[in-house]
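In: return a 3D structure for these sequence lines:
(2 chains)
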Amino acid sequence: MINLLKPYNFKHALFLTSVITVLCTALFALCGSVLINSISKEQESELTELTEELKSQYEEHGLDWILDDLELDEMPIWNRSQSLERLDEHDNLFKVVQSGQLLLGSQLSFAAQETAKWQTLRFDSARQFELLTIRVDLDESLSVTILQPKSYESRFIAAAIWQVYLYFVTLFAISLFGLFIYIQVRDQVKRSSIDKQLLDIAKAPDSVRLSVPKHASGDRDLAKSINEMLDEITDLHGNMKTMSVGIAHDLKTPLSRVANRLQSMQHDINDPHLIETHLNHASNDLNAVISTFNNLVRLNSIESGQHKEKFVKLNLSELIYDLAQSYLPVFEDSGRTLEISTVKDVICFGDADLLSQLICNLLENALEYSNYDAQVWLRLQSHTGSALLQIGDNGPGIAKSDQPHVFERFYRADISRSKPGNGLGLSIVKAICQVHGAKLDLLPGQKGAVFNIEVPISTS
Amino acid sequence: MKVLIVEDDFDTADFIKRGLEQNGDTAHHVGTAQQGMVLATSEEFDVIIFDRLLPKMDGIDAVRILRGSNVVTPIIMLTALSETADRVSGLDAGADDYLVKPFDFSELYARLKALTRRTPLKQEALSLNIADLRLERTARKVSRGGQALDLNPKEYQILEYLMLNPGQLVTKTMLLEKVWGFNFDPKTSLVQTHVSRLRNKVDKPFDTELIKTIRGCGYIISDHD
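Out: Numbering: from 1, shown residues only, chains lettered A, B, ... in the order given. Next up, the predicted model:
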C-alpha cells in the first residue's frame, strides 16, 4: 500500500485541493461581502430615516422633545476619553452645536455631511473606528451630528464568516486532500491489478481474460468490453492463421505440380505431344492459383464494404428467378432436380452482382456436394420487414463437426478435399450477407445442406 | 489491325505484342501514359490497349483526357484490380472494355476483335443474318431456313451476341459479362450448358453447323468451316 503513494499522487492531490479551496474561499468571500454590504446599506437608510424624524419633531415640538427622545435630556458632555469609551462599547456618539458652541455631546472634533456616510476616524489615537456619520441642521444655528458604530448584526456576521472560514480552510481542505489521496490510491490499486492481468493476457492471449467485477458497473463494463475486444482479436487472429495455412496449402499443391510439370517438360523436350500435355496441366494448375487469388481479392473487397456505395433498390424476386432459370438446365444435365418457388416483387437494397454471386455460390455448392440424383430447392418467401431465401438439398448434408466451420476461409470438409474449389465460396456468401445486413444460417438437423438467408426488404 | 499498347510492364507488353504479330497485326508499345497520349493523338490506330496502373499517371485519367480531346479509337483497359467498382470507373472514363490480369491471349484477342469490328450499323441493325439463320431483334424472333426456332431468353441473348460478332471468337467470360452481367466466374458449366442447348436448337436439326466451339477458348458463329 505504501509503495502506491508516489510523489506525484501528493502533488496531484495538493494541486486539486488548493484549486478547489481557493475557488471556494473566493465564493465564500464574495457572498460574505455582499451580505455585509447589504446590512451597512440598511443601517445607512435607518440613520437617514432617524435624522428626518428628528428634524420634523424639532419643528413640531422643539429641542427638548428630541433630546428626550434621544435620551440626552441630561445634556451630557463627553470628554475625549468618555467619547472613545462610548465608541468602544458600540454606543452612538452625538454632538449638538448651537451657533458654533457645543451644547451637549462629545468634545471630540469631527465633521459630517447631511447625508449618511461611512468614515474611518482616528481621533489622534492609534485606534481607528469605522463609523456611520450624518449631520442634521435643525435650524440656521442649531445642528446635531451623529456617529454610529457598526450595527450588532454586521459585527456578528463578519465574525461568523471569519470563524467559519477558518474551520473551512482547516477541516474542509484537509479532508479534501485526504479524499483525493484515497481516490488516487484506489485507482492505483485498480490500475496495477489491470496491469498485472494484461501482462498475463499478453503471455496467453487466446485463453486468459480480465476478471469481471461483480459490482461497480463502470469497471465491470470496461472489463467486459476489453474482454470482448480480446475475443474479437483472437477470432481475427484465428482466421488469419487458418487463412495463412489455407493460402500456403492451396498455393503449394498446384505450384508444386507446375514445378513437376516443368521438370517433366525438360525431360520430354523432344516429344511435342507430351510437351502439350504437360503445358495443359501446368496451365490448369496455374489457373487454379489465380482463381484462388481472385476470390481472395473479391472477398476482401466485399468485406471492406466498398460496394455499399453502389447499392440500389432492386427486385430480388426477378433476380433470383432469372438466375434459377439459368441454372435449371445445369441441374437437369447433372441428373438433379431444381425446384423454384419465389414470391413476386420482393424489393431490397443491394448490389445485383454480389447478390447473383451469393445465389450462384450456393447453387454451385449444391451441384458440387449433393447426391447425384438430389432434389435441390430455391425458395423466396416474404415476411414482414424481411424476405427469407432458402437454398437446400436433400442429402447427404454437412457433417455435424464441420457445420460450425463451413463459413471460415479455406475451410474444407474432408469430403470436399477431392473436389475442385478453394474453400472460399461460402466465405464469400457470408461476406455478401454481412454487407447486405442479411442473416445467414445453416439449418441444423437437416437431411441435406439447407441455407437460410433473411434479407431485409425495402418498403419505401 | 494496328494496335497501340500502353503498358509499363515489358513482359506483359512483349507477350501481347508477340501474340498480335503472330496473328499478322502490327503493334506499337510505349511505357508511359504521356507517350501513349502523344501517339494516340498523332497517329491512327484501330484499337488502344491501356494499362490501368502506370507510373506517374493513372490509366483512367489518361483515357479521360484522350476522350476529352476527341480521340474515338476503341480502348481496352488492362488491370490487376478486378473489382466491379474499378471496372465501372474504367468504363465511365471512356474505355470500351476492361480486362483483368492475368488473362489468356485468346481472351484479349477476342475482345480486341470485338472492339475493332464493331460498327454502328451492326449494333443497331434490326435483323442479323448468318447463312440461313435469321435473328429479328425487334420481334426477338429467330428462324433458320424459314423455320421458327423457340429459344429461351438466355439462349436468345447468347445467339444475338455471337451474331453481332460473326466469325470472331467470343469467350466464356465475354458471354458471362454480356449475357448474365456477371463480373465473377461461376465454377460450373453455366455457359457451356446454355450454348449446348442453343446448338441443339440452332444447329442439330440442320445440315451445317454454324456455332463452333474453340476448345478452352470460346465460341465462333460462322458459315465457313
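In: use CA for all of it now, contacts and neighbours both
Out: Fine.
In: chain A contacts on chain B?
Out: Counting by Cα under 8 Å from any Cα of the partner chain, chain B comes close to chain A at B:82-83, B:85, B:102, B:154, B:181-184, B:186-190, B:193-194.
In: going through these, which ones are buried?
Out: Buried members of these, scored by 16 or more other Cα atoms under 10 Å in any protein chain shown, are B:Ser82, B:Glu83, B:Lys154, B:Phe182, B:Asn183, B:Phe184, B:Pro186, B:Thr188, B:Leu190, B:Thr193, B:His194.
In: got those as TSV, with pLDDT columns?
Out: Shown next, in TSV, are those (pLDDT from 0 to 100):
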residue	pLDDT
B:Ser82	61
B:Glu83	64
B:Lys154	92
B:Phe182	88
B:Asn183	82
B:Phe184	83
B:Pro186	84
B:Thr188	72
B:Leu190	91
B:Thr193	93
B:His194	95
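In: secondary structure and distance to B:Ala33 added to the residues you listed, as a markdown table?
Out: Below are those laid out as a markdown table (DSSP: H, G, I helix; E, B strand; the rest coil; distance: Cα to Cα, whole Å):
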| residue | secondary structure | distance to B:Ala33 |
| --- | --- | --- |
| B:Ser82 | coil | 21 |
| B:Glu83 | coil | 22 |
| B:Lys154 | helix | 40 |
| B:Phe182 | coil | 30 |
| B:Asn183 | coil | 27 |
| B:Phe184 | coil | 29 |
| B:Pro186 | coil | 34 |
| B:Thr188 | coil | 39 |
| B:Leu190 | helix | 38 |
| B:Thr193 | helix | 42 |
| B:His194 | helix | 41 |
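In: want to throw those into JSON lines with distance to B:Gln168?
Out: Output for those, formatted as JSON lines (distance: Cα to Cα, whole Å):
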{"residue": "B:Ser82", "distance to B:Gln168": "25"}
{"residue": "B:Glu83", "distance to B:Gln168": "27"}
{"residue": "B:Lys154", "distance to B:Gln168": "20"}
{"residue": "B:Phe182", "distance to B:Gln168": "21"}
{"residue": "B:Asn183", "distance to B:Gln168": "22"}
{"residue": "B:Phe184", "distance to B:Gln168": "23"}
{"residue": "B:Pro186", "distance to B:Gln168": "24"}
{"residue": "B:Thr188", "distance to B:Gln168": "24"}
{"residue": "B:Leu190", "distance to B:Gln168": "21"}
{"residue": "B:Thr193", "distance to B:Gln168": "20"}
{"residue": "B:His194", "distance to B:Gln168": "19"}
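In: of these, closest to A:Asn452?
Out: Checking these against A:Asn452 by Cα to Cα gives B:Pro186 as the nearest, at 20.8 Å.
In: one step back: any idea which of the buried ones among the residues of chain B next to chain A is the one closest to A:Gln119?
Out: For these, the nearest to A:Gln119 is B:Glu83 (91.1 Å; Cα to Cα).
In: show me what the host helix or strand of A:Thr21 is packed up against.
Out: Using DSSP states H and E, A:Thr21 maps to helix A:7-61. The contact analysis (3 or more Cα pairs under 8 Å, 6 or more residues apart in numbering or on different chains; DSSP states H and E) places helix A:7-61 against helix A:63-69, strand A:129-137, helix A:152-167, helix A:173-203.
In: next SSE downstream of the second one?
Out: It stands for strand A:129-137. Next along the chain after strand A:129-137, with elements defined by DSSP H and E, is strand A:142-149.
In: same question for the last one.
Out: Tracing the chain past helix A:173-203, the next element assigned as helix or strand by DSSP H and E is helix A:217-267.
In: what are the ranges of the helices in chain B?
Out: For chain B, the helices defined by DSSP state H cover B:10-22, B:33-42, B:59-68, B:84-93, B:105-117, B:120-124, B:153-164, B:172-175, B:190-202.
In: could I get those helices in JSON lines, plus columns for distance to A:Arg298?
Out: Formatted as JSON lines, the helices of chain B follow (distance: least, Cα to Cα, whole Å):
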{"stretch": "helix B:10-22", "distance to A:Arg298": "23"}
{"stretch": "helix B:33-42", "distance to A:Arg298": "28"}
{"stretch": "helix B:59-68", "distance to A:Arg298": "21"}
{"stretch": "helix B:84-93", "distance to A:Arg298": "9"}
{"stretch": "helix B:105-117", "distance to A:Arg298": "21"}
{"stretch": "helix B:120-124", "distance to A:Arg298": "32"}
{"stretch": "helix B:153-164", "distance to A:Arg298": "26"}
{"stretch": "helix B:172-175", "distance to A:Arg298": "17"}
{"stretch": "helix B:190-202", "distance to A:Arg298": "20"}
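In: quick one: which of those is nearest A:Lys308?
Out: Going by Cα to Cα, the one of the helices of chain B nearest A:Lys308 is helix B:84-93, 10.6 Å.
In: any idea of the mean pLDDT for that closest one?
Out: Averaging pLDDT along helix B:84-93 yields 76.
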